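# Return a 3D structure for these sequence lines:
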Amino acid sequence: MDTLRVATYNVNSIRSRLHIVIPWLREHRPDVFCMQETKVEDGLFPVSAFAGEGYQVVFRGSRQYNGVAIASRETPGSVLYGLADGGPADEDRLIAAVFSGVTVVNTYVPQGREKETPHFAYKLEWFRRLRNFLDFSGSPAKPLIWCGDLNVAPEGIDVHDPKNLLGHVCFTPEVWEAFAAVRSWGLEDLFRRRHPGEPGRYTFFDYRVPAAVKRGLGWRIDHILATPPLAVRCLACEIDLGPRLAEKPSDHTILTADFAGE
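Modelled structure (predicted):
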């Protein structure tokens, strides 16, 4: 395999964010570009905009909520949608595809809303279901990437105010444990591999917080993780704040990871 660049971006409506996505693809040319919260029915997905830049795209979505997609420069060897375990399939939350022997699992993990609601219980269950998905469909000895909006800030340095944010559905022990259980399958956080202990680096800045990016009031909840065969070849994993500072941005920004060839 030649060098590989993978990127992930919660677009918060792909049709509203094409003015950011297409120029970014043109400039950075990732091999695989994973998107979450596309918020569009499949029949209305802007396929032609990606084709014009030399990208194929696979996707599942619905109007207003959720939605996942993967744009790629090569045709995926296989594509899988959702969790086939007898529970809700959630095809608009998980899409997996294989590129030159590398499996890419793109997910939009449920946010959880409030801890006392069924939505939070569903979030914890979703992590358990994902761990089962990996157990039955993959191997940590093979190259696999798990990425997306995972709706968890794993450490205190991953939020701007750990003391006051503790207990939030994305920053609480129950979610840390659920996330760690998935990671224990054999996945390494690539940003932390390249930036151990570095605080103040975030992928999400709430719209409701004035000048959140400028003030550094963010969260690191978007991630790229990889199995050992890929993690050891990770050359870089970086947060690009440019998309969050663009006109009419998503509340998230783009995270990239670069891998050396075998």
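# pretty sure residue 141 is touching residue 230, no?
No. Counting by Cβ atoms under 8 Å, residue 230 is not a contact partner of residue 141; they are 11.2 Å apart. Glycine gets a C-beta too; all of them are placed from N, C-alpha and C.
# Of the two, give the one with the bigger neighbour count.
Neighbour tally, residue 141 and residue 230, criterion other Cβ atoms under 10 Å: the higher count belongs to residue 230, 25 against 10.
# now that one, nearest residue through space, not along the chain?
residue 143 (4.6 Å; Cβ to Cβ, 6 or more residues apart in numbering).
# and that neighbour, how many residues sit next to it?
Around residue 143 there are 25 residues (other Cβ under 10 Å).
# pLDDT at it, what is it?
Looking at residue 143, its pLDDT is 97.
# if I look at it, how far off is residue 247?
Per Cβ to Cβ, to the nearest Å, residue 143 is found 37 Å from residue 247.
# circling back: return the residues in contact with the residue nearest to residue 230.
101, 102, 103, 226, 227, 229, 230 (Cβ atoms under 8 Å, 6 or more residues apart in numbering).
# and those residues, which are buried?
102, 103, 226, 227, 229, 230 (16 or more other Cβ atoms under 10 Å).
# how about the strands in the stretch 151-262 of the chain?
Secondary structure of the stretch 151-262 of the chain by DSSP state E, counting those that start in this stretch: the strands cover 188-189, 222-226, 234-240, 254-259.
# nearest to residue 30, of these?
strand 254-259 (6.6 Å; Cβ to Cβ).
# And that closest one, how far out from the chain middle?
In terms of Cα atoms, centre = their mean, to the nearest Å, the centre of strand 254-259 is found 11 Å from the chain centre.
# Any stretches of the stretch 101-250 of the chain with poor pLDDT?
Across the stretch 101-250 of the chain, not a single residue meets the criterion (pLDDT under 70).
# So for the host helix or strand of residue 98, mean pLDDT?
Taking DSSP states H and E as the criterion, residue 98 maps to strand 94-99. Mean pLDDT, computed over strand 94-99, is 98.
# neighbouring contacts of that strand?
Taking Cβ under 8 Å, 6+ apart as the rule, strand 94-99 contacts 4, 31-32, 58-60, 68-70, 72, 74, 76-83, 103-108, 130, 133, 137.
# Can you select the buried ones from those in ChimeraX?
Selection of the buried residues among the contacts of strand 94-99 in ChimeraX, burial being defined by 16+ other Cβ under 10 Å:
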select :4,31,32,58,59,60,68,69,70,72,76,80,81,82,83,103,104,105,106,107,108,130,133
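# so of the contacts of strand 94-99, which ones are in helices?
Judged by DSSP state H, the contacts of strand 94-99 include 130, 133, 137 as members of helices.
# does the residue nearest the centre of the chain count as helix, strand or coil?
The residue lying closest to the centre of the chain (Cα atoms, centre = their mean) is residue 148, at 0.8 Å. At residue 148, secondary structure determined by DSSP: H, G, I helix; E, B strand; the rest coil is strand.
# Closest to residue 181 out of the ones in helices among the contacts of strand 94-99?
Closest to residue 181, out of all of the ones in helices among the contacts of strand 94-99 and judged by Cβ to Cβ, is residue 130, at 9.3 Å.
# what sits against the closest residue to that closest one other than its chain neighbours?
Take residue 130 and drop its neighbours on the chain: the residue closest to it by Cβ to Cβ, 6+ apart is residue 182, 5.6 Å away. Applying Cβ under 8 Å, 6+ apart, we find residue 182 in contact with 127, 130, 131, 134, 146.
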